[in-house]
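Take this sequence and fold it.
(one chain, ligands or ions: 2)
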Amino acid sequence: MSQHTHSSDHAPSRPDVDRSLRMTEPPHTHPGQEVAHTHPPVAAPSRPLDGPLRVGIGGPVGSGKTALVAALCRALGGELELAVVTNDIYTTEDGDFLRRHGVLPGERITAVQTGACPHTAIRDDIAMNLDAVEDLEDRFSPDVVLVESGGDNLTATFSYGLVDAQIFVVDVAGGDKVPRKGGPGVITSDLLVINKTDLAPMVGADLSVMARDAAALRHEAPVAFTSLREDPGAGVVADWVRGLLAARAEQVTAAHAG
Ligand SMILES: Nc1nc2c(ncn2[C@@H]2O[C@H](COP(=O)(O)OP(=O)(O)OP(=O)(O)O)[C@@H](O)[C@H]2O)c(=O)[nH]1
Ligand SMILES: [Mg+2]
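Ligands and ions are numbered 1, 2, ... in the order given. Got it, this is the predicted structure:
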């Protein structure tokens, strides 16, 4: 009988996901069309690169999305104009939390009540979120708009008709198996954040297993380990946002020069 029980023996193999497709939904079938497939994104980013950068933040319930929004506002608020849209199903809880903690002037935070599955409002029927984002852009001309999804599951991703880049936040408390479970958020997000590293010893999570599994699924796409308890400015994620802005600025300069 083979001895093959340690979890680190079970490195995931990467699903056949074409990154260039920027998949906005998991593979599925239709009646009469039994071959699993995805559809092209609802919309690809087509906004001008010198306009506001829209960053979506998604991930499972309680993984630390609002804490990350607060951290980015703390880290970037002094150097950039920011605005935030939060999504909750039936409440304005997350928007209220951010206002209470004074991370931004209250009028720069809009709470969308989706009334439906969180992923629907960020991927399939983005009208409420688009209205909220465009209203903030009209009023404040921000450099960056952060859009927090309602807490969902490993399948939730943003339409690139709503955001330019997306961060997927999972946490260590769910166990070190989580990145290995894959899903479009873990695999195709522009940045995977593995949060609550301070809890790893409490739940017996091996961060090196999470790093290895995430790398196997994401190849070269970046992964950031954070503890928002220990680093309430989320330095590594703030630097990633600065990098996105710098890359856009370079593209704008190159376009003008060309
Ligand atoms: N120990 C620890 N707790 C954290 C960390 N980040 C967030 N939390 C806590 O985790 C809980 C959930 O954080 P939130 O930021 O509300 O999570 P969320 O993903 O926005 O939750 P939903 O919007 O309800 O899906 C809060 O009690 C946070 O204080 C971390 O790095 N370490
Ligand atoms: Mg939240």
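
Spit out the contact partners of R100.
The contact partners of R100, taken as Cβ atoms under 8 Å, 6 or more residues apart in numbering, number zero. Any C-beta I mention is one placed from the backbone N, CA and C, and that applies to glycine too.

Please identify which helix or strand holds the residue of the stretch 1-150 of the chain found nearest ligand 2.
Using Cβ to the ion, the closest approach of the stretch 1-150 of the chain to ligand 2 is made by T66 at 3.3 Å. Counting by DSSP states H and E, the element that carries T66 is helix 65-76.

in the stretch 51-200 of the chain, which spans are strands?
53-58, 82-88, 109-113, 144-148, 165-171, 191-195 (DSSP state E, counting those that start in this stretch).

Which one of these lies nearest to A249?
Among these, the nearest to A249 by Cβ to Cβ is strand 53-58 (10.2 Å).

That closest one - contacts with which helices or strands?
Judged by 3 or more Cβ pairs under 8 Å, 6 or more residues apart in numbering; DSSP states H and E, strand 53-58 is in contact with helix 65-76, strand 144-148, strand 165-171, helix 235-257.

Let me know which of the ones you listed is the nearest to ligand 1.
helix 65-76 (3.4 Å; Cβ to the nearest ligand atom).

And the closest one, how far out from the chain middle?
13 Å (Cα atoms, centre = their mean, to the nearest Å).

is any part of it close to ligand 1?
Yes: interface with ligand 1: helix 65-76 contributes 65-67 (Cβ under 6 Å from any ligand atom).

How many residues are close by T120?
Using other Cβ atoms under 10 Å, T120 is surrounded by 16 other residues.

do the same with G77
Neighbour count of G77, defined by other Cβ under 10 Å: 14.
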